[in-house]
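Novice: coordinates for the following, if possible.
(one chain, ligands or ions: 1)
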Amino acid sequence: MGHFLVVGILVIVMAVLTYVGLDAAGLMPVQASAQAVSIDWLWNWQLVAISFLFSLIVVPLIYSLVVFRRKKGETGDGAHIEGNTPLEIGWTIVPLFIVLAFAYMGAYSLGQTRRVDPTAMVVQVKARQFAWTFEYPELGIVSNELHIPVNKQVVLKMESADVIHSFWVPEFRVKQDVVPGRVTEYRITPTLIGDYKVRCAELCGSSHAYMESPVIVDSQSDYDAWISAQAKIAAEAAKTPEGQGKLLTVRNGCIGCHSLDGSKMTGPTWFNLYGSEVPLADGRTVIADDAFITESILQPKAKEVKGFAPTTMPAYPLTDEEIANIIAYLKTLK
Ligand code: CUA
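Specialist: Below is the predicted model:
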């Protein structure tokens, strides 16, 4: 009986130390949403279970290695032990109840994260290789940044233009796939003002790792200021062809692949692009004029640019006027 008592105490001590160590490791980023509370609560109980089970296995193992080691000169077999019915009943019933308890806790936590506020603000999200676009339908605003006010539930209605992506802001904890051909919902109540990032959490192609966008939780007054500034920018931009072209590139998520400052991304940069000489994959060179840019939007595979072939860009069936506006905008990027 002495061995059981010692092992029992060691298991408890080891479990506590393991839990304290895991807890101190700070495995989770800051908690920034109401939904994160119940998820972190569940996660904490899982750490408790993990610490206990780890100790329950490792402590008796090491204890047996040390204490029941074969002594010098001992050559006989160990004692033959038949089954132990009470032990077997115990190790069936106890885990059963633990699993049932976690099933209940998981369901409770899921219910908490899905709690619907009927007054939630709606933002439409479009995911595509490799950019996020956020549209505020009642306000006529399109942005590549998501701004949301603190302490107010937001429901993102998400659609994909191509493959499966996944909307994930680690500080909010909740994650939701964005699937072509349907609208998926992501409900969040941010509770902490700050700058975060949405990261695509579903392997979606060559630039999956760069499919990130700013997510900014604002105070109500900062949010209102951002909204009115955006509305003003949009109204101003709508007046000129280059302004309309810029809005179109935001709406279509172009900057997910094309930089505006000369840096290299999945697609060629737009900086100083218009009128420049573009080397093609087949060795020829073309001038980036209206005809080349129009063709590259409507049929991206017609001429593949050296260093970017084979192109991953899909065709964008835009109208002549829209393309003319985008070209007007490209001309301003010098
Ligand atoms: Cu989109 Cu990975």
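Novice: so where do the helices sit in the stretch 151-300 of the chain?
Specialist: Per DSSP state H, counting those that start in this stretch, the stretch 151-300 of the chain carries helices over the ranges 220-237, 241-251, 290-298.
Novice: by mean pLDDT, show me the worst of these.
Specialist: The stretch with the lowest mean pLDDT among the helices of the stretch 151-300 of the chain is helix 241-251, at a mean of 83.
Novice: give the buried residues for that one.
Specialist: 241-250 (16 or more other CB atoms under 10 Å). Just so you know, the C-beta spots here come from the backbone N, C-alpha and C atoms, and that holds for glycine as well.
Novice: closest to Lys157 among those?
Specialist: Using CB to CB, Val250 comes nearest to Lys157 of the buried residues of helix 241-251, at 18.3 Å.
Novice: so Leu154 sits right up against Thr119, yeah?
Specialist: Actually, residue 154 is Val rather than Leu. No - counting by CB atoms under 8 Å, Val154 does not reach Thr119; the two are 10.8 Å apart.
Novice: which one of these two is surrounded by more residues?
Specialist: When Val154 and Thr119 are compared for neighbours, Val154 comes out ahead with 19 against 7, by other CB atoms under 10 Å.
Novice: so which bits of the chain are right by the ligand?
Specialist: Proximity of the chain to the ligand (CB under 6 Å from any ligand atom) is limited to residues 165, 200, 202-204, 208, 211.
Novice: kindly recompute the last result at 5 Å.
Specialist: Counting by CB under 5 Å from any ligand atom, the chain comes close to the ligand at 165, 200, 204, 208, 211.
Novice: now the helix ranked longest in the chain, how far from the centre of its chain.
Specialist: Secondary structure of the chain per DSSP state H: the longest helix is helix 34-67. Here helix 34-67 is found 27 Å from its chain centre; the criterion is CA atoms, centre = their mean, to the nearest Å.
Novice: tell me what that helix is packed against?
Specialist: Helix 34-67 sits against helix 2-24, helix 85-113, with contacts defined as 3 or more CB pairs under 8 Å, 6 or more residues apart in numbering; DSSP states H and E.
Novice: what residue is smack in the middle of this protein?
Specialist: Computing the C-alpha centroid of the chain and ranking residues by CA atoms, centre = their mean puts Trp168 first, at 2.4 Å.
Novice: contacting residues around the helix or strand bottoming out on mean pLDDT in the chain?
Specialist: The weakest-scoring helix or strand in the chain, judged by mean pLDDT, DSSP states H and E, is helix 241-251 (a mean of 83). By CB atoms under 8 Å, 6 or more residues apart in numbering, the surrounding residues in contact with helix 241-251 are 133, 135, 142-144, 234, 236-238, 255, 318, 322, 324-332.
Novice: show the buried residues in those.
Specialist: For the contacts of helix 241-251, buried by 16+ other CB under 10 Å: 133, 135, 142-144, 234, 237, 255, 318, 322, 324-330.
Novice: what sits against Met265?
Specialist: For Met265, the contacting residues are 207, 210, 256-259, by CB under 8 Å, 6+ apart.
Novice: go with 7 Å
Specialist: Shown in contact with Met265 (CB atoms under 7 Å, 6 or more residues apart in numbering): 257-259.
Novice: can you pull the pLDDT of it?
Specialist: Per-residue confidence (pLDDT) for Met265: 80.
Novice: give me phi/psi at it?
Specialist: Dihedral angles of Met265 (phi, psi; degrees, to the nearest 10) stand at phi -130, psi -160.
Novice: that one and Gly253: what is the separation?
Specialist: 12 Å (CB to CB, to the nearest Å).
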